[in-house]
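> sequence isn't available, so here's the structure alone:
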């Protein structure tokens, strides 16, 4: 499986720690110290998961106009759906006229992109698909509360897209060497760790300590599993690209894997936790650091819980 | 791919046309005439998509205790999520201790089960999975309004589950001969046909006429495609098992396919439109009508839009 192209979209509006300090009464330094976040992007009025997704695909679509009609699988990823029936995948299918594509949207929260990659790999291996579009979009601010002292400061809005092909493609930026996912609903607080219940409180994190512990353990274990089954050491990986949950979680995972700070890709300082799009947004931003042949290891963790990992090689 | 077992759950509370007539001011006969629905089930206080899903799996889990630990893929289906992070799949994984399973929940609205079956087939064909659990649950009444004169009378709550295996299993009730899905976001009103926007109006059907037309065309086309590519005529199919959108839609599709009323499986009179669980709930109820070797054709349509079909043979 090849990543033929990738792109991201971040809305323009910025909410900094000073603004959150005014809303929540907490010291602005607290947010930075606890999370590594300076500022986050926020969708404008009229933007939603469907428009964020469409925006993320725009430049990718322009670069790949000739092959758009051949896309046979569109997988949307989102846990902050604007519309649970006219989903991210359906909106993107319509906007770009992807008439030959299957379309559905999935969620394992912030781990969704790993699931989508594994689904695409299964369709490719089975000969059921040749060209797939994965679009991840989260509009956390639709369901979060800036004055929520527990987790309101974490959330940013953003989207990312990847075009995946089954056939060898010399111009593709990445070959996907391996992909793996696991449901962890049975671990720790499981489905109670983070929740987004639209009919109740929206996006809240009542069990932040358990989430911190399980995210550290889940991403470390996912990374180790992929390294081991590919005969690699962590020093063989040029970039670890984790879900941007919290800088402290990412630092902890990198440290446990004996990786140095230069091996850790982070975009959280300026974007916050952008949900299921965060790892791909960060990969887009750091891909130029990778020389041909170098490896990137994407690791994800979802708040329900779930984990995932993908081993990418730059071409 | 084999369906090793299947089960459904319908909550006990009943809302009949008389009750809806009192709420909406419409004549009770109107609802029956327009939709074929006499009554619908409603989740009790404290029930939600996660508990409905867990209830649907209960009897199936009891019958298959020995193989539960071998389930390596749990796919939840729902567009009426109670929790978009601790999803249906994660709640079921936790309840039944499915520690080896990948877990995610997907939506193409009322067509979701066909997508889940195609994903399972791809995982099986690719050798990535051997035993999968699909759980579909919709709690329409959480987001719908009984007094909504356009579509409030349609919705019921319910759930269904299927255990799928990759290997031949003589005791399995069904062999899945074929499965197919298509995204139709580009057709007609597409993502605007039916919508469930938790931050706006909830579950509404602003373009009912387009939905009616596209559901008829989408399910007819899905059925024809599967019949043709399997060298079958509609008379070769013992039971057509459509998504239970509306009795008039189902009658229209069966008529267009030259099927007689005995070939059409319907449960809508007593359950209403139970969302993505509806076709499997109906299959559970009608499976005893099928003799060994006879065929059932499941056809689905989702309001975003999407279509799907699965050809099943009774063993």
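Now that the structure is in, tell me what you want to look at. Being a predicted model, the structure only gives us computed values, none of them experimental. Residues are numbered from 1 along each chain as shown, chains lettered A, B, ... in the order given.

> for chain A, which segments count as strands?
Along chain A, the segments classed as strands by DSSP state E run A:2-9, A:13-16, A:39-42, A:73-77, A:102-107, A:131-139, A:157-165, A:174-183, A:195-197, A:202-204, A:239-242, A:295-302, A:306-314.

> alongside chain B, which residues does the stretch 201-315 of chain A contribute?
Residues of the stretch 201-315 of chain A lying close to chain B (CB under 8 Å from any CB of the partner chain) are A:203, A:302, A:303, A:304, A:305, A:306. Where C-beta positions appear, they are placed from N, C-alpha and C, glycine not excepted.

> please enumerate the helices of the stretch 151-300 of chain A.
A:208-229, A:247-256, A:268-271, A:278-286 (DSSP state H, counting those that start in this stretch).

> pLDDT below threshold where in the stretch 1-150 of chain A?
Applying pLDDT under 70 to the stretch 1-150 of chain A picks out no residues at all.

> in space, what's closest to residue A:314 - neighbours in sequence excluded?
Leaving aside its sequence neighbours, residue A:314 sits nearest to residue A:290 (CB to CB, 6 or more residues apart in numbering or on different chains; 4.0 Å).

> before we move on, what about residue A:13?
Residue A:13's closest residue in space is residue A:42 (CB to CB, 6+ apart), at 4.3 Å.

> go on, residue A:232?
That would be residue A:295: by CB to CB, 6+ apart, it lies 7.3 Å from residue A:232.

> do residue A:244 as well
residue A:278 (3.8 Å).

> count of residues packed around that neighbour?
For residue A:278, the number of neighbouring residues by other CB atoms under 10 Å in any protein chain shown comes to 29.

> surely it meets residue A:270?
No. With contact defined as CB atoms under 8 Å, residue A:278 does not count as touching residue A:270 (11.8 Å).

> quick one: contacts for residue A:88?
Taking CB atoms under 8 Å, 6 or more residues apart in numbering or on different chains, we find residue A:88 in contact with A:49, A:50, A:53, A:76, A:77, A:78, A:81, A:105, A:135, A:137.

> out of those residues, which is nearest to chain B?
residue A:105 (5.5 Å; CB to the nearest CB).

> how about the contacts made by the closest one?
Residue A:105 neighbours (CB under 8 Å, 6+ apart): A:75, A:76, A:77, A:78, A:81, A:87, A:88, A:89, A:90, B:106, B:107, B:108.

> same list, the residues you listed, but as TSV with distance to residue B:224 please.
Putting the contacts of residue A:105 into TSV (distance: CB to CB, whole Å) gives the following:
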residue	distance to residue B:224
A:75	26
A:76	28
A:77	32
A:78	33
A:81	32
A:87	26
A:88	29
A:89	24
A:90	23
B:106	25
B:107	25
B:108	20
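
> which ChimeraX command selects the buried ones in the residues you listed?
One line in ChimeraX is enough to select the buried ones among these; burial here means 16 or more other CB atoms under 10 Å in any protein chain shown:
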select /A:75,76,77,78,81,87,88,89,90 /B:106,107,108
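
> about what we covered before: how about the contacts made by the residue nearest to residue A:244?
A:110, A:158, A:243, A:244, A:245, A:267, A:268, A:271.

> swap the cut-off to 7 Å and go again
For residue A:278, the contacting residues are A:110, A:243, A:244, by CB atoms under 7 Å, 6 or more residues apart in numbering or on different chains.

> got a markdown table for those residues, with neighbour count and distance to residue B:24 too?
Output for these, formatted as a markdown table (neighbours: other CB atoms under 10 Å in any protein chain shown; distance: CB to CB, whole Å):
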| residue | neighbour count | distance to residue B:24 |
| --- | --- | --- |
| A:110 | 32 | 41 |
| A:243 | 35 | 46 |
| A:244 | 30 | 47 |
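
> for those, which one is nearest residue B:34?
residue A:110 (42.8 Å; CB to CB).

> for the closest residue to chain B within the stretch 201-315 of chain A, which non-adjacent residue is closest in space?
For the stretch 201-315 of chain A and chain B, the shortest gap (CB to the nearest CB) falls at residue A:304, measuring 4.0 Å. Nearest residue to residue A:304 in three dimensions, chain neighbours excluded: residue B:90, at 4.0 Å (CB to CB, 6+ apart).

> quick revisit: in PyMOL, select just the buried ones from the residues of the stretch 201-315 of chain A next to chain B.
The PyMOL selection below is limited to those of these classed as buried (16+ other CB under 10 Å):
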select buried, chain A and resi 203+302+303+304+305+306
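
> wait, doesn't residue A:131 sit right on residue A:68?
No. Using CB atoms under 7 Å, residue A:131 is not in contact with residue A:68, being 9.1 Å away.

> of these two, which one has the most company?
A count of neighbours by other CB under 10 Å puts residue A:131 above the other of residue A:131 and residue A:68, at 23 against 20.

> so who does that one touch?
So residue A:131 contacts A:67, A:70, A:71, A:72, A:165 (CB under 7 Å, 6+ apart).

> any idea how far it lies from residue A:167?
Applying CB to CB, to the nearest Å, the value for residue A:131 to residue A:167 is 9 Å.

> surely residue A:11 meets residue A:44?
Yes. Between residue A:11 and residue A:44 there is a contact at 5.9 Å, judged by CB under 7 Å.

> who's more crowded, those two?
Set residue A:11 next to residue A:44 and count neighbours by other CB under 10 Å: residue A:11 wins out with 20 against 11.

> tell me how far the more buried one lies from residue A:243.
Counting by CB to CB - residue A:11 and residue A:243 are separated by 20 Å.

> reformat the contacts of residue A:88 as TSV; add distance to residue A:23.
Shown next, in TSV, are the contacts of residue A:88 (distance: CB to CB, whole Å):
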residue	distance to residue A:23
A:49	24
A:50	27
A:53	28
A:76	31
A:77	29
A:78	25
A:81	25
A:105	31
A:135	31
A:137	25
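
> if we can go back for a sec, the residue nearest to residue A:314: neighbouring residues, count only.
Residues near residue A:290, counting by other CB under 10 Å, number 20.

> residues touching it, list them.
Contacts of residue A:290 were listed using CB under 7 Å, 6+ apart, and they are A:238, A:239, A:296, A:314.

> most neighbours of all the residues you listed, which one?
residue A:296 leads the contacts of residue A:290 on contacts (other CB under 10 Å) with 24 neighbours.
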